[in-house]
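Undergrad: fold the stuff below for me.
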Amino acid sequence: MSDKTTTADEVVSRLHSGMTLGIGGWGSRRKPMALVRALLRSDVTDLTIVSYGGPDVGMLAAAGRVRKLVTAFVTLDSIPLEPHYRAVRERGDLELMEIDEAMFMWGLRAAAHRLPFLPVRAGIGSDVMRVNPVLRTVTSPYDDGETFVAMPALRLDAALVHVSRADRRGNGQYLGPDPYFDDLFCEAADAAYLSCERIVDTAELTKEAAPQSLLIKRHTVTGVVEAPNGAHFTSCAPDYGRDEAFQKTYATTPWPEFAERFLGGDEQAYQSAVRER
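TA: As a prediction, this is how the structure comes out:
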């Protein structure tokens, strides 16, 4: 079985403008921020981003890299609405498909199973259907005759996710309280790139945690990046919580100033700037 280890910059070199890119995590929790920062150092643009959005969306949108966003929300959790995303949205600088959280999950699941759509009750009777006229309904062929939203598959060209531990083959482990939907992002993508706090031997993955914590399966992963503190400033429980002080700095600093101060160099420069702030 192959060694899939690589670097963040090598991952980004495999991405290209115009892609549909899924980003795992949830709001300001366990986002693959080291990979996002590497993407910001590249010239990749015109992206369709599929994400339960947090600062990943805020940064990429503020940098002008996002053509279309598919999301259920964009939040920093302790700050309800991601401010840099909000500014971009208010200017009308990106196309938005905003859907219910369950619809989003069902779209990923349909893509993971290579189905064109899956029926879901979420969205029926809401303005989700009005603001997304592309969505269709489907009627059950059985005696119940119920009407569902036909949630289209959210097929991804590539996915970026972050977990606590991984081995070199692409098995990924979460150690926090919530798996989010990182496994579905990987399964829905043509190529999936996994960053982790630490790469360990395969046998180490189940020494101190249950096999059920092995969220990501190696057959869905294209590359593995060891990225300590790679979710910063979002949380990666139990390794670290959200850096609320830095998040406040991010939220209250104009984007050009923030980008120049913290994103002008490589990942090592970013981590140094965080420590010295």
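Undergrad: which residues of the stretch 151-277 of the chain fall in helices?
TA: Taking DSSP state H, counting those that start in this stretch as the criterion, the stretch 151-277 of the chain carries its helices at 182-187, 244-252, 255-262, 267-276.
Undergrad: show me what the shortest one is packed up against.
TA: Counting by 3 or more Cβ pairs under 8 Å, 6 or more residues apart in numbering; DSSP states H and E, the packing neighbours recorded for helix 182-187 are helix 101-112, strand 156-166, strand 189-199. The way it works is simple: take the backbone N, C-alpha and C, and place the C-beta from them, glycine included.
Undergrad: and for the third one?
TA: Under the contact criterion of 3+ Cβ pairs under 8 Å, 6+ apart, helix 255-262 touches helix 267-276.
Undergrad: how close does the nearest residue to Gly24 once chain neighbours are set aside get to Leu81?
TA: Nearest residue to Gly24 in three dimensions, chain neighbours excluded: Val161, at 3.4 Å (Cβ to Cβ, 6 or more residues apart in numbering). If you measure Val161 against Leu81 using Cβ to Cβ, to the nearest Å, the figure is 24 Å.
Undergrad: the residue lying closest to Asp190 once chain neighbours are set aside: neighbour count?
TA: Distances taken as Cβ to Cβ, 6+ apart place Asp157 nearest to Asp190, at 5.5 Å, with adjacent residues excluded. For Asp157, the neighbour count with other Cβ atoms under 10 Å is 16.
Undergrad: isn't Asp157 up against Ala191?
TA: Yes: look at Asp157 against Ala191 with Cβ atoms under 8 Å: they come within range, at 7.2 Å.
Undergrad: could you give the mean pLDDT of stretch 262-277?
TA: Regarding stretch 262-277, the rounded mean pLDDT is 95.
Undergrad: of Val161 and Leu81, who's got more company?
TA: Between Val161 and Leu81, counted using other Cβ under 10 Å, the more crowded position is Val161 (31 against 13).
Undergrad: ok, the more buried one - contacts?
TA: Residues in contact with Val161 (Cβ atoms under 8 Å, 6 or more residues apart in numbering) are 23-25, 32, 172, 182, 185-186, 192-195, 216.
Undergrad: for Thr202, same thing?
TA: Residues near Thr202 by Cβ under 8 Å, 6+ apart: 167, 169, 171.
Undergrad: separation between the residue nearest to Asp190 and Phe73?
TA: Separation of Asp157 from Phe73 (Cβ to Cβ): 23 Å.
Undergrad: quick check: which ranges of the protein have low pLDDT?
TA: Along the chain, segments meeting pLDDT under 70 span 1.
Undergrad: how about the strands in it?
TA: Ranges of strands in the chain, per DSSP state E, are 20-23, 47-51, 66-71, 95-98, 117-120, 136-139, 147-152, 156-166, 172-173, 189-199, 223-226.
Undergrad: just the C-alpha atoms of the fourth one, please, in CSV.
TA: Right, strand 95-98. Only the C-alpha atoms of strand 95-98 are listed here, as CSV (Å, rounded to 0.1, in the frame of the first residue of the first chain):
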residue,chain,number,x,y,z
GLU,A,95,-23.0,33.5,-6.6
LEU,A,96,-24.7,31.8,-3.6
MET,A,97,-26.7,28.6,-3.3
GLU,A,98,-27.8,28.6,0.3
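Undergrad: in its sheet, which strands sit next to it, and in what direction?
TA: Its sheet considered, strand 95-98 pairs with strand 66-71 (parallel) by DSSP bridges.
Undergrad: mind listing what's buried in the partner strand?
TA: Residues 66, 69-71 are the ones in strand 66-71 that count as buried (16 or more other Cβ atoms under 10 Å).
Undergrad: and the contacts of that strand?
TA: With contact meaning Cβ under 8 Å, 6+ apart, strand 66-71 is reached by 45-53, 57, 60-61, 88, 94-99, 104, 107, 154.
Undergrad: please check these and keep the buried ones.
TA: Buried members of those, counted by 16+ other Cβ under 10 Å: 45, 47-53, 57, 60-61, 88, 94, 96-99, 104, 107, 154.
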